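In: Sequence first, then the predicted structure, then my questions.
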Number of protein chains: 2
Amino acid sequence: MKKAIVLLSGGIDSATTLFYARKKKFKCFCLSFDYGQKHKREIESARKIARGAGSPILVIKVDIPKWASALTSPAKLISHTKKERIGKRIPSTYVPARNIIFLSFALSWAEARKCSHIFMGANVVDYSGYPDCRPVFLKAFQKMARLGTKSGLQAKAVKIKAPLLFKSKAQIIKLAQQLGVPLKLTWSCYRGGKVPCNKCESCILRAGGFREAGLIDPALKPKK
Amino acid sequence: MKKAIVLLSGGIDSATTLFYARKKKFKCFCLSFDYGQKHKREIESARKIARGAGSPILVIKVDIPKWASALTSPAKLISHTKKERIGKRIPSTYVPARNIIFLSFALSWAEARKCSHIFMGANVVDYSGYPDCRPVFLKAFQKMARLGTKSGLQAKAVKIKAPLLFKSKAQIIKLAQQLGVPLKLTWSCYRGGKVPCNKCESCILRAGGFREAGLIDPALKPKK
């Protein structure tokens, strides 16, 4: 059986990626990260989603400079965002080298577990403007990974796949529905309160995606 | 003042790199890693060396798959090594994606602290055969780092420097002496016992370097 490491944050994109990899017959091992994010509750979502998919999950604590991002610094507010501004510049929620660190860990675990693939949910259509989500970055990471690992030198380089890279949020949500992703369990809001704020860039992208897909966000439905 | 992150393991190469960067007028912040290595005592060496250099040091704990390397797995012995075999193949002490993870953290901290450079002690002359010490890997990492970070997009990419890359161990030891590196404090032995084993690849490379440099290893001198 093919094996893969899946980067699972607990949001829609990574959950859909996990179910996509499963559909492609990969045995998946999920990695999630506690990097001091304000929306730490996404990790709980990730655990539930992995459990539902029957995949083991490892949560790795990583020590990054918290003051450098609105996503991690108590001193920096996560601002209200207008839809038309999203993706136009690198936002204050940028975390230095975050995906580089995540992918590096994924690479280490992939080699140790003899996984041929790493899956991640990066996408560039409805995205926030992070440099480490772009195709050109992923391609460069792939090359570096090939040159810097034992598996790469042995012509068995771990392949990095981002199957949602060129899909819009609406397309991802539709795909999630087809794949049976428990969207109700996913968490997107950067503020990490009890309910989504509906004002941060992540909430706005999510809401726009459901609207465009003509669906109601099940996470917003009142509990009965 | 120019600022740099220095990867400091506590061995001769990284200690020399720290003193080299200081000589080049960089204000240095050291990063050291606890990844479950058997020779965890190298971290204590790193702390003492950083203190001696007047540089702050942060020790980051990283969760990597311990079973995958003789350097971290209690089930795998660190073998005796013959000098002529060193560097001919990837040894059992290879840790999956180790330098990739270390450099990724360095990148994150460099961006947050507005450091223009990262210094590391990689070298390829008297080395153990690790893929993540090779010039071609470092070049690929540099490119990936430029494409995946905010500083890179803003044409202020963090520069990765490995000033010892093409030096022999003997040359490094001579340079260390010139720079006033406290070689007595450095630790190389992979087995991490009370005294160096003199049999692992790291001990053998170190001993060969001192021999070739015509110097006595101060770490081996009996304490008075």
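Out: Ah, there it is. Every value quoted in this text rests on a predicted model; they were computed, and no experiment measured them. Numbering: from 1, shown residues only, chains lettered A, B, ... in the order given.
In: can you pull the buried residues of the helix or strand hosting A:Ala15?
Out: Remark: A:Ala15 resides in helix A:12-23, with elements defined by DSSP states H and E. Residues of helix A:12-23 classed as buried: A:Ile12, A:Asp13, A:Ser14, A:Ala15, A:Thr16, A:Thr17, A:Leu18, A:Phe19, A:Tyr20, A:Ala21, A:Arg22 (neighbour count, 16 or more other C-beta atoms under 10 Å in any protein chain shown). Placement of C-beta: from N, CA and C, glycine included.
In: surely the fourth one meets A:Ala176?
Out: Yes. Applying C-beta atoms under 8 Å as the test, A:Ala15 and A:Ala176 come out as touching, 7.0 Å apart.
In: Between those two, which contacts overlap?
Out: Taking C-beta atoms under 8 Å, 6 or more residues apart in numbering or on different chains as the criterion, A:Ala15 and A:Ala176 both touch A:Leu183.
In: How about A:Tyr20: what's its closest non-neighbour residue?
Out: A:Pro163 (5.3 Å; C-beta to C-beta, 6 or more residues apart in numbering or on different chains).
In: Quick check: phi and psi at A:Arg146.
Out: Here is the backbone geometry of A:Arg146 (degrees, to the nearest 10): phi -70, psi -40.
In: Show me the residue at the heart of chain A, geometrically.
Out: A:Ser14 (4.2 Å; C-alpha atoms, centre = their mean).
In: any idea how far that one lies from chain B?
Out: For A:Ser14, the distance to chain B (C-beta to the nearest C-beta, to the nearest Å) stands at 18 Å.
In: In this structure that residue contacts A:Leu8, no?
Out: Yes. Between A:Ser14 and A:Leu8 there is a contact under C-beta under 8 Å: 4.8 Å.
In: got any residues that touch both of these two?
Out: A:Ala46.
In: just to revisit the earlier point, give me every residue that touches the closest residue in space to the residue nearest to the centre of chain A that isn't next to it in sequence.
Out: Closest residue to A:Ser14 apart from its sequence neighbours, by C-beta to C-beta, 6+ apart: A:Gly121 at 3.9 Å. Residues counted as contacts of A:Gly121 (C-beta under 8 Å, 6+ apart) are A:Leu7, A:Ser9, A:Gly11, A:Asp13, A:Ser14, A:Ala15, A:Thr16, A:Thr17, A:Ala162, A:Leu164.
In: Closest one of the residues you listed to B:Ala110?
Out: Of all the contacts of A:Gly121, B:Ala110 sits closest to A:Leu7, with 22.8 Å by C-beta to C-beta.
In: which residues does the closest one bridge with?
Out: With DSSP bridges as the criterion, A:Leu7 is bridged to A:Leu31.
In: Which pLDDT value goes with it?
Out: The per-residue pLDDT reported for A:Leu7 equals 98.
In: try A:Pro222
Out: 65.
In: before we move on, the earlier item: export the buried residues of helix A:12-23 as CSV, with columns for pLDDT.
Out: Shown next, in CSV, are these (pLDDT from 0 to 100):
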residue, pLDDT
A:Ile12, 97
A:Asp13, 97
A:Ser14, 98
A:Ala15, 98
A:Thr16, 98
A:Thr17, 98
A:Leu18, 98
A:Phe19, 98
A:Tyr20, 98
A:Ala21, 98
A:Arg22, 97
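In: A:Lys156 against A:Cys115, yeah?
Out: No. Counting by C-beta under 8 Å, A:Lys156 stays clear of A:Cys115, with 10.7 Å between them.
In: Neighbour count for these two, which is higher?
Out: A:Cys115 (24 against 14; other C-beta atoms under 10 Å in any protein chain shown).
In: now the more buried one: how far from B:Lys48?
Out: 39 Å (C-beta to C-beta, to the nearest Å).
In: would you list every one of the helices in chain A?
Out: A:12-23, A:41-53, A:98-112, A:135-148, A:150-153, A:169-179, A:201-213 (DSSP state H).
In: Same list as before, those helices that is, but in TSV and with distance to B:Trp67 included.
Out: Listed next are the helices of chain A as TSV, based on distance: least, C-beta to C-beta, whole Å:
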stretch	distance to B:Trp67
helix A:12-23	24
helix A:41-53	21
helix A:98-112	7
helix A:135-148	20
helix A:150-153	15
helix A:169-179	33
helix A:201-213	36
